[in-house]
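Novice: Sequence and predicted structure, then a few things I'm wondering about:
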Amino acid sequence: MPYTPPEIKQNPYLTGLTPREACADLPTRLGLSFDIFDRDLYDSCWTNVGRDEIDASIAGIPMKGYKELKEKCYDLIAPMDTFHLVTGIRVNFAEDGKSAQITA
């Protein structure tokens, strides 16, 4: 069966990218949002639909939902002087095409 890319609504920051490219760009934008203390860029990393369903683990610390991620991650790290270098990005789409798992 040939690969059919999932239908994922494009973020305005990512015009012209395929869904896989857009997902691979996410960890880089996330790290940069901390480094330059840019809340709008950080917010662009998360969908507006299902923010309470976000399930993430950063530095081995599990977090659930946008609010917890923002409070335990962005609010604590972004004010510091940081430099993030993101490598080893992998994107796996769910069979239904409605979600993806991104590791870096």
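Specialist: Happy to help now that I have it.
Novice: so how far is the lowest-mean-pLDDT helix or strand in the chain from its chain's centroid?
Specialist: Lowest mean confidence among the helices and strands of the chain (mean pLDDT, DSSP states H and E): strand 55-58, at a mean of 82. Chain-centre distance of strand 55-58: 10 Å, with CA atoms, centre = their mean, to the nearest Å.
Novice: buried ones in the helix of greatest length in the chain?
Specialist: In the chain, taking DSSP state H as the definition, the longest helix is helix 19-35. In terms of neighbour count (16 or more other CB atoms under 10 Å), helix 19-35 has its buried residues at 19-20, 22-35. Where C-beta positions appear, they are placed from N, C-alpha and C, glycine not excepted.
Novice: Buried residues, the helix or strand just after the least confident helix or strand of the chain. List them.
Specialist: Using DSSP states H and E, the helix or strand that follows strand 55-58 in sequence is strand 61-64. Within strand 61-64, the residues scored as buried using 16+ other CB under 10 Å are Met63.
Novice: The next helix-or-strand element following the longest helix of the chain - contacts with which helices or strands?
Specialist: Using DSSP H and E, the helix or strand that follows helix 19-35 towards the C-terminus is helix 39-43. The contact analysis (3 or more CB pairs under 8 Å, 6 or more residues apart in numbering; DSSP states H and E) places helix 39-43 against helix 19-35.
Novice: mind saving the C-alpha coords of the helix it packs on as CSV?
Specialist: Written as CSV, here are the backbone C-alpha positions of helix 19-35 (Å, rounded to 0.1, in the frame of the first residue of the first chain):
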residue,chain,number,x,y,z
PRO,A,19,3.5,17.4,7.4
ARG,A,20,6.6,15.3,8.1
GLU,A,21,8.9,18.4,7.6
ALA,A,22,6.6,20.5,9.8
CYS,A,23,6.8,17.9,12.6
ALA,A,24,10.5,17.6,12.3
ASP,A,25,10.8,21.4,12.6
LEU,A,26,8.9,21.4,15.9
PRO,A,27,11.7,20.4,18.3
THR,A,28,14.1,22.9,16.7
ARG,A,29,11.5,25.7,17.0
LEU,A,30,10.8,24.6,20.6
GLY,A,31,14.5,24.8,21.6
LEU,A,32,14.9,28.1,19.9
SER,A,33,11.8,29.5,21.7
PHE,A,34,13.7,28.9,25.0
ASP,A,35,17.0,30.3,23.7
